[in-house]
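Participant: fold the stuff below for me.
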Amino acid sequence: MAVAEDVLDKVRAGMRGLQAPGHFDKVYKNECMYSFDTPESPGGLYVNLKTWQGFGEDYVELDQRKTGSTLYLHLLWKRVPIPEDELAAAAAAAAAADAASKPTKLALGTEGGFAVEPQKDYTLDKTAALVVLQGAGQPRLRVDLPCADLPELVINVINAIQAHEDASKQEAVSAWEEERRVSRYAEGLPQLDSGRKISPNPADWRCDETGVTENLWLNLSTGHIGSGRQFADGSGGNGSALRHFEATGRKYPLVVKLGTITPSGADVYSYAPDEDDMVQDPKLAAHLAHWGINMMQMEKTAKTMAELEIDMNVAYEFSALTEAGAQLTQMAGPGHVGLVNLGNSCYMNSVLQVLFSLPEVAQRYAAAAPAIFESAPADAAGDLPTQMAKVGLALTSGRTGKPPPKPKAAADAAAAAPAAAAECDPMETDAVDAAAGAAAAAAAAGAAGEPQDAASLGGGAAGSELQEANSVRPAAFKALVGKGHPEFSSGRQQDAAEYLTHLLQLISRSEHAAAARLGLGEQQALTPSVFGFQLEYRTQCLTSSAVSYRRAMAASLELHIPLEAATNKEAVAAYKEREAKRQRLKEEQASAYIGADSSLDAISDPAASVVLLPGDSGGGGAAAAASAAAAAVKSGAAESPVLPVVPFEACLNKFTAAEVLDDYVSAALGGRKSTASRTSRFASFPPVLVLVLKRYYVAEDWTPKKLEVEVPMPEELHIEQLRSSGPQPAEQLQPEEAAAAAGGGAAAPAAAAAPEPDPAIVTQLVTMGFSENGSKRAAVATGNSNAEVAMEWVFAHMEDPDFNDPLPPPAAAAAGAQQQHDPEKVSMLAAMGFEADAAEAALTATGGNVERAGDWLFSHMDDLAAAVAAVKGGAAAAAAGGGADAAAAGNRSQLLDGPGHYKLLGIVSHMGSNTACGHYVAHVKKDGRWVIFNDEKVAASEHPPLSMGYMYVYTRVDGPAQ
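Facilitator: Numbering: from 1, shown residues only. Predicted coordinates:
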């Protein structure tokens, strides 16, 4: 059909400035810049032919008004259902494949891992058209494509956009699994010529020391077959393989697990102290051939370590945290929108769900989204306020831009619910899909502003469609926040607590620079101030009794878990004993009971396998539980792990307990070293308090470990008694603090000699692999206390821009106040929103480098006034002034102090051996009801993991901020 001439005139009028995108240009044709509308949304997606950016129906006129462009490529995709007979055949084939390929690795989206892409029950009917926008209220002109009547330039631009890969499209990284490094001992591994050849028949394998036939490891250097180490729960082996490594002078560290050898690889472990972990052996085939094992002919006969982790860790922890086995009710609509896992992005999803449940964050970004979009720069994908508003608006409004699911899908999900509840996979049961009508009403709920409940949850393709309708893909947000960061820009799993800290730093920078856009007044607090608080450290010299006070800003509080304070030590010991007995039964291939244990003899049914968890009544109380546990030992049945239970009060006591500092440099003793006692208290309480339980740590051999422990957390928290009281009249202050208190101000510190880093501490840190300058900064920053404290400081400040910079000369701080800087550099920093004195201090701290000065300012946003005062020689005065100095300096990072009374809002939980692998979920309390957010799955929570969380977010119950 020919195009009318007047329409072609409009097209020609809008052609000026058009050019086809090149290979390295960015084209956004799959998602709206301001919302999550896609070509599948009811209104489709409009791609600006000049900027190559896509916009949904609600925002295309905004873009037209801002850019003046009139020509848009309109993409509209509609779903066409696949015939039921074809769908049934495909589903049957998929079910057969699933049954034959049970997950074999703790991974998501890879071969052998858990699937992430549901089966589609539709195809896409794609249409495209050129649309001419003539302004608000004017009719849109539409030309269906392809159309030969259009100008050649327009056709070329449209074809280039359609052929171009979308800018947000990432590599298929949607997998998460623990990475294994290549062993440094694999190259040049010594192999003894003992003449031994290992039989390919698994029935012939025995431990050379004990004769057991399970969990066997072959030493690749000596040919010795030994039993593996005992697991944390008591199962596993007897450790003869490790004993052999020790007995042979610790010279032959690499062992391979027999039964896991296949043509594609095997489980290889290194006993070397500097590795002591699962590793890769690139020359495994040759090393096995030395012992007569043809790797290409071997078949798997034993569980890999990843499979054992699934059985032991995931089966219990994953079920507990995601509430597997519970028939949950899906939530949809405003405040109950899921976030799709982009591949190892569950840490980000969990943090965002909690973050946007805070009224302060939702109000600043979601409620202000129209104004933020109106003022967004041309590169909206690179603007953090825009991306925050985009994600926040979707989560709080319920508008996902997805087409509503077919009514039949909702009915199918409702019908499938009973079966799904009975036969649920641990990976799916936490939030199985919505039932009749819930997700079908989600779109309407977004407009109505009410969350929608489903009667029950189902699974399968229909349930997947319902989940899809109530979730969005925050790919642009992830790319922006991770840009330039070595970890968060990768596809690897990350620490959610570290991500929150990183995100708050970026928000602080963007809000400071874009204060006018966000409508922030000079004294209006930045979003990170909601989390910011001060800790006060009181240090008393035990020789002179002189006291010093120091305050430090923080955005979260890490709490150590004292295992020695567990309240169920007897139950844990009994559980470990039962596990040890089970292991001995396996090793001895026994079929009866162990020894003459009277508790076992009391069981009349040796086949009993019912195991009661702590707290279950079972009708017979503790006696019944003990009998059932004993029966489980006799039958060899597994039972749920009994974890140590540590009261939350014990964690708080650990935080407030006095810490002894050796080699403390006391000014009251003329700079001589002494022993000191240090205590920590809150100097202020923030509106939002984030508590991080230190479940994960680095062991002495530098391998990441996890504390398997329960810490029951209170839903209401009263900690006002932990507020610091400051210097007391009867206390003798250290000389520099006494001078400051008497009015000496900034002059007193100038007289004191700058502290020198302890060479012993620096040497220890350098041998651990840290830079010399960073090690010196750590020693000075921690008062030369000890290497362990300095190392913790290093981990917390490795990302600081000046971490590897040399320490300033001793007189730098005093000279900084008189130092004159290039006015042009000061003006450049002041144009970014900083005060002139802060800009001068930053230039002083960075040797006059304006780029590094900008990084320094942004990295000290949470304690800018104190940092500026420290550079100018007034650190003591800044510590004494606290938040008042911050307000006087006019910076927006205020301390919003209030009473120490909190209620629990959210929990971020993690399952896995360390934070570099595994999976995160979030639980958030909304309108008095707990809700679980497991990526795109959102459901009402029946059993929130109050004792199993990693990060707890509390909101303050108070009056006005102080």
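
Participant: switch to C-alpha atoms for all contacts and neighbour counts from now on
Facilitator: Will do.

Participant: distance between the ends of stretch 15-22?
Facilitator: 18 Å (Cα to Cα, to the nearest Å).

Participant: repeat for stretch 705-725
Facilitator: Stretch 705-725 has an end-to-end distance of 37 Å (criterion: Cα to Cα).

Participant: with stretch 528-542 instead?
Facilitator: End-to-end distance for stretch 528-542: 38 Å, by Cα to Cα.

Participant: chain center to that stretch, what's the gap?
Facilitator: 26 Å (Cα atoms, centre = their mean, to the nearest Å).

Participant: can you list the domains in the protein?
Facilitator: Domain assignment for the chain, taken from the TED database, gives 5-84+114-164, 202-302, 338-404+471-529, 534-584+643-685+724-740, 759-798, 834-872.

Participant: which of those sits most buried?
Facilitator: With neighbours defined as mean count of other Cα atoms under 10 Å, the domains of the chain peak in mean count at domain 834-872, which reaches a mean of 22.

Participant: quick one: closest of the domains of the chain to residue 941.
Facilitator: Residue 941 sits nearest to domain 338-404+471-529 of all these, at 14.4 Å, using Cα to Cα.

Participant: avg pLDDT for the closest one?
Facilitator: Across domain 338-404+471-529, pLDDT averages out at 91.

Participant: do stretch 210-218 as well
Facilitator: Stretch 210-218 shows a mean pLDDT of 90.

Participant: identify the residues contacting it?
Facilitator: Contact partners of stretch 210-218, identified using Cα atoms under 8 Å, 6 or more residues apart in numbering, comprise 205-207, 224-228, 236-237, 240-241, 255-258, 302, 587-588.

Participant: one more pass at 7 Å, please.
Facilitator: By Cα atoms under 7 Å, 6 or more residues apart in numbering, the surrounding residues in contact with stretch 210-218 are 205-207, 224-228, 236-237, 241, 255-258, 587.

Participant: ok, now stretch 270-280?
Facilitator: So stretch 270-280 is contacted by 180, 181, 182, 183, 253, 254, 255, 268, 269, 701 (Cα under 7 Å, 6+ apart).

Participant: export the residues you listed to CSV and tack on secondary structure?
Facilitator: Output for these, formatted as CSV (DSSP: H, G, I helix; E, B strand; the rest coil):
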residue, secondary structure
180, coil
181, coil
182, strand
183, coil
253, coil
254, strand
255, strand
268, strand
269, strand
701, coil
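
Participant: and those residues as CSV, adding pLDDT and distance to residue 689?
Facilitator: CSV is the format used below for those (pLDDT from 0 to 100; distance: Cα to Cα, whole Å):
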residue, pLDDT, distance to residue 689
180, 77, 36
181, 86, 37
182, 93, 41
183, 94, 42
253, 96, 46
254, 97, 46
255, 96, 46
268, 94, 43
269, 94, 41
701, 63, 33
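
Participant: pLDDT of the helix or strand in which residue 856 is found, averaged?
Facilitator: Under DSSP states H and E, the secondary-structure element containing residue 856 is helix 850-859. What helix 850-859 shows for mean pLDDT is 71.

Participant: what does stretch 126-140 give?
Facilitator: Average pLDDT, stretch 126-140: 91.

Participant: let's number from 307 now, not from 1
Facilitator: That works, and once the first residue is 307, the last one we named lands at stretch 432-446.

Participant: any idea how far it is from the chain center?
Facilitator: The answer for stretch 432-446 is 42 Å, by Cα atoms, centre = their mean.

Participant: swap in stretch 452-466?
Facilitator: Stretch 452-466 sits 45 Å away from the centroid of its parent chain (Cα atoms, centre = their mean).

Participant: over to stretch 1074-1087?
Facilitator: For stretch 1074-1087, the distance to the chain centre is 27 Å (Cα atoms, centre = their mean).

Participant: kindly report the same for stretch 553-563.
Facilitator: Offset of stretch 553-563 from its chain centre (Cα atoms, centre = their mean): 36 Å.

Participant: what residues does that stretch touch?
Facilitator: Stretch 553-563 is contacted from outside by 522-527, 551, 572-578, using Cα under 7 Å, 6+ apart.

Participant: quick revisit: tabulate the domains of the chain (a markdown table), appending distance to residue 636.
Facilitator: Shown next, in a markdown table, are those (distance: least, Cα to Cα, whole Å):
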| stretch | distance to residue 636 |
| --- | --- |
| domain 311-390+420-470 | 18 |
| domain 508-608 | 34 |
| domain 644-710+777-835 | 11 |
| domain 840-890+949-991+1030-1046 | 30 |
| domain 1065-1104 | 39 |
| domain 1140-1178 | 39 |
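
Participant: who wins for proximity to residue 1239 among the ones you listed?
Facilitator: Judged by Cα to Cα, the one of the domains of the chain that comes nearest to residue 1239 is domain 644-710+777-835, at 6.7 Å.

Participant: any stretches of the stretch 1007-1156 of the chain with poor pLDDT?
Facilitator: Applying pLDDT under 70 to the stretch 1007-1156 of the chain flags the ranges 1007-1009, 1042-1061, 1107, 1115-1126, 1133, 1136-1139, 1156.

Participant: show me where the stretch 1157-1268 of the chain has its helices.
Facilitator: Taking DSSP state H, counting those that start in this stretch to define them, one finds helices in the stretch 1157-1268 of the chain at 1170-1177, 1181-1187, 1189-1194.

Participant: brain fart, the stretch 657-806 of the chain
Facilitator: All helices of the stretch 657-806 of the chain, identified by DSSP H, counting those that start in this stretch, fall at 665-667, 675-680, 690-703, 713-728, 748-754, 766-775, 781-788, 802-819.

Participant: for the first one, packing partners?
Facilitator: With contacts defined as 3 or more Cα pairs under 7 Å, 6 or more residues apart in numbering; DSSP states H and E, there are no secondary structure elements packing on helix 665-667.

Participant: sec struct for residue 1068, please.
Facilitator: State at residue 1068, reduced to three classes by three-state DSSP: helix.

Participant: gap between the two ends of stretch 643-651?
Facilitator: Stretch 643-651 has an end-to-end distance of 16 Å (criterion: Cα to Cα).

Participant: again with stretch 554-574
Facilitator: 19 Å.

Participant: quick one: low-confidence residue ranges for the stretch 407-556 of the chain.
Facilitator: Applying pLDDT under 70 to the stretch 407-556 of the chain flags residues 407-425, 474-485, 537-542.

Participant: would you map the strands across it?
Facilitator: Applying DSSP state E, counting those that start in this stretch to the stretch 407-556 of the chain gives strands spanning 428-438, 447-450, 522-525, 531-533.

Participant: could those strands go into TSV alongside distance to residue 1078?
Facilitator: Compiled in TSV, the strands of the stretch 407-556 of the chain are given as follows (distance: least, Cα to Cα, whole Å):
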stretch	distance to residue 1078
strand 428-438	59
strand 447-450	66
strand 522-525	39
strand 531-533	43
